[in-house]
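Peer 1: how would this look folded up:
(chains A and B)
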Amino acid sequence: GQQLNQSPQSMFIQEGEDVSMNCTSSSIFNTWLWYKQDPGEGPVLLIALYKAGELTSNGRLTAQFGITRKDSFLNISASIPSDVGIYFCAGQKARGSRLTFGEGTQLTVNP
Amino acid sequence: DAGVIQSPRHEVTEMGQEVTLRCKPISGHNSLFWYRQTMMRGLELLIYFNNNVPIDDSGMPEDRFSAKMPNASFSTLKIQPSEPRDSAVYFCASTRGAGGLEKLFFGSGTQLSVL
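Peer 2: Next up is the predicted model:
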């Protein structure tokens, strides 16, 4: 079945460092999304990408929709302790179709 | 505005018991989703409704699972009988419109433990 591979699975960084994570697939997705899940809560949408090559920012977060439509990247600049959580990528084949979620990247930020 | 409201937040039950999870979507949202999250399988879509009608229930594990949406402001997910392998966090999510299914608003989840 469809599968999204996220890497790395976990990251331990110091406050102030930049973070990069990515999501790849063997098949094409026409929408890519990034969600963040805080401990004990549900995922929250961070960024949605709708066009190949699109680069979108949300504060210190920047995400890119890969040219091949088979991958996406998320960067966090100048990390802070509240960035801690699990970051999920999600892909959607067509508008209105179900999402496929990646396995998540667990981010730990040491003060 | 209130977000998606789920209850209970935690449920501990014994194998064989019936479990009912509840969800109130965001007012005005007409699509509702039930997800299950486990370490092994990540986030899995169980079922989703559009305008109170089940659209895709292919993710429902087996006949022990059932979901209903009697009106636009309430949905239940029932497991009968429950088994230890059903232990997971169950999320409800909602969104507005059938075309924007990617912008999901999740509840805080129900942590289910079946002993």
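
Peer 1: what sits against A:L4?
Peer 2: A:23-25, A:89-91, A:100-103 (CB atoms under 8 Å, 6 or more residues apart in numbering or on different chains). No exception for glycine: its C-beta is placed from N, CA and C like everyone else's.

Peer 1: swap that for A:S77, sorry
Peer 2: A:18, A:60, A:62.

Peer 1: and what of A:C89?
Peer 2: A:4, A:6, A:22-23, A:32-35, A:72, A:74, A:101-102.

Peer 1: try 6 Å this time
Peer 2: If you count contacts by CB atoms under 6 Å, 6 or more residues apart in numbering or on different chains, A:C89 has them with A:4, A:6, A:23, A:34, A:72, A:102.

Peer 1: ok, now A:L55?
Peer 2: Applying CB under 6 Å, 6+ apart, the residues contacting A:L55 are A:Q64.

Peer 1: for chain A, what's its nearest residue on chain B.
Peer 2: B:F106 (2.9 Å; CB to the nearest CB).

Peer 1: can you tell me the closest non-neighbouring residue to that residue?
Peer 2: Leaving aside its sequence neighbours, B:F106 sits nearest to A:G42 (CB to CB, 6 or more residues apart in numbering or on different chains; 2.9 Å).

Peer 1: if we can go back for a sec, what is the burial count for the residue of chain B closest to chain A?
Peer 2: Other residues lying near B:F106 total 22 when counted by other CB atoms under 10 Å in any protein chain shown.

Peer 1: could you do B:R41 as well?
Peer 2: Neighbour tally, B:R41, other CB under 10 Å: 10.

Peer 1: do you know how far the residue in chain A that chain B sits nearest to is from B:T13?
Peer 2: Of all residues in chain A, the one sitting closest to chain B is A:G42 (2.9 Å; CB to the nearest CB). For A:G42, the distance to B:T13 (CB to CB, to the nearest Å) stands at 22 Å.

Peer 1: before we move on, what about B:F33?
Peer 2: Distance from B:F33 to B:T13, by CB to CB: 23 Å.

Peer 1: then B:S73?
Peer 2: 26 Å.

Peer 1: okay, now B:T20: neighbour count?
Peer 2: 15.

Peer 1: so where's the chain uncertain?
Peer 2: With no chain named, the answer covers chain A. Chain A contains residues with pLDDT under 70 at A:1-2.

Peer 1: you answered for a different chain; I wanted chain B.
Peer 2: Looking along chain B with the criterion set at pLDDT under 70, you get B:1, B:98-101.

Peer 1: hey, where'd the strands end up in it?
Peer 2: B:5-7, B:10-13, B:19-24, B:31-38, B:42-50, B:53-56, B:65-71, B:74-79, B:88-95, B:105-106, B:110-114 (DSSP state E).

Peer 1: tell me the buried residues in the longest one?
Peer 2: When burial is assessed from 16 or more other CB atoms under 10 Å in any protein chain shown, strand B:42-50 yields the following buried residues: B:42-43, B:45-50.

Peer 1: just send those residues back as JSON lines, with distance to A:V84 too.
Peer 2: Shown next, in JSON lines, are the buried residues of strand B:42-50 (distance: CB to CB, whole Å):
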{"residue": "B:G42", "distance to A:V84": "19"}
{"residue": "B:L43", "distance to A:V84": "19"}
{"residue": "B:L45", "distance to A:V84": "26"}
{"residue": "B:L46", "distance to A:V84": "28"}
{"residue": "B:I47", "distance to A:V84": "31"}
{"residue": "B:Y48", "distance to A:V84": "30"}
{"residue": "B:F49", "distance to A:V84": "33"}
{"residue": "B:N50", "distance to A:V84": "35"}
